[in-house]
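# Could you work out the structure for the sequence below:
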Amino acid sequence: MRAQSSATAPVRIAVDTPSGTPAGTSSGTPAGTPSGKSAGTLQAALGVTAFSLTFPATAWGLEGFGPWSLVAVRSVLAALLAGGCLLALRIPLPDRAHWAGLAVVAGGVVIGFPLLSTLALKTSTTAHAAVVVGLLPLTTALLSALRTGSRPSRTFWAAALAGAAAVAAFTVQQSGGALTSGDLYLFGALLVCAAGYTEGGRLARTMPGWQVIGWALVLCLPLTLPAAALALSYEPVELTAHSVTGLLWVAAGSQFLGLLVWYRGMAAIGIPKASQLQLAQPLLTLVWSALLLGEHFTAAAPLTAVAVLVCIAVTQRS
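As a prediction, this is how the structure comes out:
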């Protein structure tokens, strides 16, 4: 009788673990299982790979668009893509309690980071701008600890600090150690992006990650649409293969698809652990910059890569 009774059927309930990592994800795979953690790590890593192309793609986009036009148009295109998915799947509006968090995501990763980093790239090389990403994992982990109450171990913090120091030292050395006028933009981008990552990772525990970034993009559409029209009327536009490709990547790859898998990964393995995977992002960015933009880096890159991989392994195990 019990086997036939629907009243006794088990119901899956999402419960937070003491470390702040959810016991289940929206995909139905328990995050605490090895397969769930592996899937979450893979998704977060895919997000990092997508983000590593952002600066080179932005540099390409700036060849044909002004900074304000590039930021506004990329957000509009990403919002149309996300809104189309939400509409096609008939996704209901988020609960009222989620809108404040979505506003933080929108301000951080939809408007704040793209705008500030794009303005910085007008005067900085992609290698120098990678300083932001080198410090972003540590900043995200700190904000996560404050916002969600997660308490990583001392080993985790030691490895996170070591990884951030290695990446920051390498990228500063790579750019000649000189401060540029874009550094203020870069540090501002660091703070707003970390806030957007933290809030998005928290929301992704209770709603699918693609809906988190999707609704954040749609929320910004009343601002980005007129901003795009205004910017395009003032800034000259030159449609080239590089500029169009760069625009399409930062819109679809960085702004939507990358954040989609990134938030799913953070929900599965926890914000602090996922954030440390970004230690590899500056090195990947430098590789793309060399291949796509012709920029050069020194022989210190392989040594830094090994140090970063060790730090990532320690943070994932701790």
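
# same for the longest helix seen in the chain, what does it pack against?
Among the elements of the chain assigned as helix by DSSP state H, the one spanning the most residues is helix 209-234. Helix 209-234 makes packing contacts with helix 67-88, helix 99-105, helix 183-203, helix 258-269 when contacts are defined by 3 or more C-beta pairs under 8 Å, 6 or more residues apart in numbering; DSSP states H and E. No exception for glycine: its C-beta is placed from N, CA and C like everyone else's.

# Make TSV out of the ones you listed and add distance to residue 308 and mean neighbour count.
What follows is the helices and strands packed on helix 209-234, written out as TSV (distance: least, C-beta to C-beta, whole Å; neighbours: other C-beta atoms under 10 Å):
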stretch	distance to residue 308	mean neighbour count
helix 67-88	28	21
helix 99-105	27	19
helix 183-203	18	23
helix 258-269	18	28
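
# May I see these arranged in CSV, with distance to residue 42 and mean pLDDT as well?
Conversion of the helices and strands packed on helix 209-234 to CSV gives the following (distance: least, C-beta to C-beta, whole Å; pLDDT from 0 to 100):
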stretch, distance to residue 42, mean pLDDT
helix 67-88, 22, 94
helix 99-105, 22, 93
helix 183-203, 16, 88
helix 258-269, 7, 88
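
# Relative to residue 250, which of those helices is closest?
helix 67-88 (4.8 Å; C-beta to C-beta).

# Could you list every helix and strand in contact with that closest one?
For helix 67-88, the helices and strands in contact under the criterion 3+ C-beta pairs under 8 Å, 6+ apart are helix 54-61, helix 113-120, helix 209-234, helix 241-248.

# Only the C-alpha atoms, please, for it, written as PDB.
Taking Å, rounded to 0.1, in the frame of the first residue of the first chain, the C-alpha atoms of helix 67-88 are listed here in PDB:
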ATOM      1  CA  PRO A  67      32.700  52.600 -25.600                       C
ATOM      2  CA  TRP A  68      29.100  53.700 -24.700                       C
ATOM      3  CA  SER A  69      27.700  52.200 -27.900                       C
ATOM      4  CA  LEU A  70      29.400  48.900 -27.400                       C
ATOM      5  CA  VAL A  71      28.200  48.500 -23.800                       C
ATOM      6  CA  ALA A  72      24.600  49.600 -24.500                       C
ATOM      7  CA  VAL A  73      24.200  47.500 -27.700                       C
ATOM      8  CA  ARG A  74      25.800  44.400 -26.100                       C
ATOM      9  CA  SER A  75      23.300  44.600 -23.200                       C
ATOM     10  CA  VAL A  76      20.300  45.100 -25.600                       C
ATOM     11  CA  LEU A  77      21.300  42.100 -27.800                       C
ATOM     12  CA  ALA A  78      21.800  39.900 -24.700                       C
ATOM     13  CA  ALA A  79      18.500  41.100 -23.200                       C
ATOM     14  CA  LEU A  80      16.700  40.300 -26.500                       C
ATOM     15  CA  LEU A  81      18.200  36.800 -26.500                       C
ATOM     16  CA  ALA A  82      17.400  36.200 -22.800                       C
ATOM     17  CA  GLY A  83      13.900  37.700 -23.100                       C
ATOM     18  CA  GLY A  84      13.100  35.500 -26.100                       C
ATOM     19  CA  CYS A  85      14.100  32.400 -24.100                       C
ATOM     20  CA  LEU A  86      12.000  33.500 -21.200                       C
ATOM     21  CA  LEU A  87       9.000  34.300 -23.400                       C
ATOM     22  CA  ALA A  88       9.300  31.100 -25.400                       C
END
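
# angle of it against helix 113-120?
Angle between the axes of helix 67-88 and helix 113-120 is 160 degrees (criterion: axes from the mean of the first three to the mean of the last three C-alpha atoms, to 10 degrees).

# Tell me what angle helix 67-88 forms with helix 258-269.
For helix 67-88 against helix 258-269, the angle between stretch directions is 60 degrees (the same axes, to 10 degrees).

# Need the contact partners of helix 67-88.
Helix 67-88 has contacts (C-beta atoms under 8 Å, 6 or more residues apart in numbering) with 58, 61-62, 65, 110-111, 114-115, 118-119, 121-122, 210-211, 213-215, 217-218, 220-221, 224-225, 227-228, 231-232, 234-235, 237, 247-248, 250-252, 255-256.
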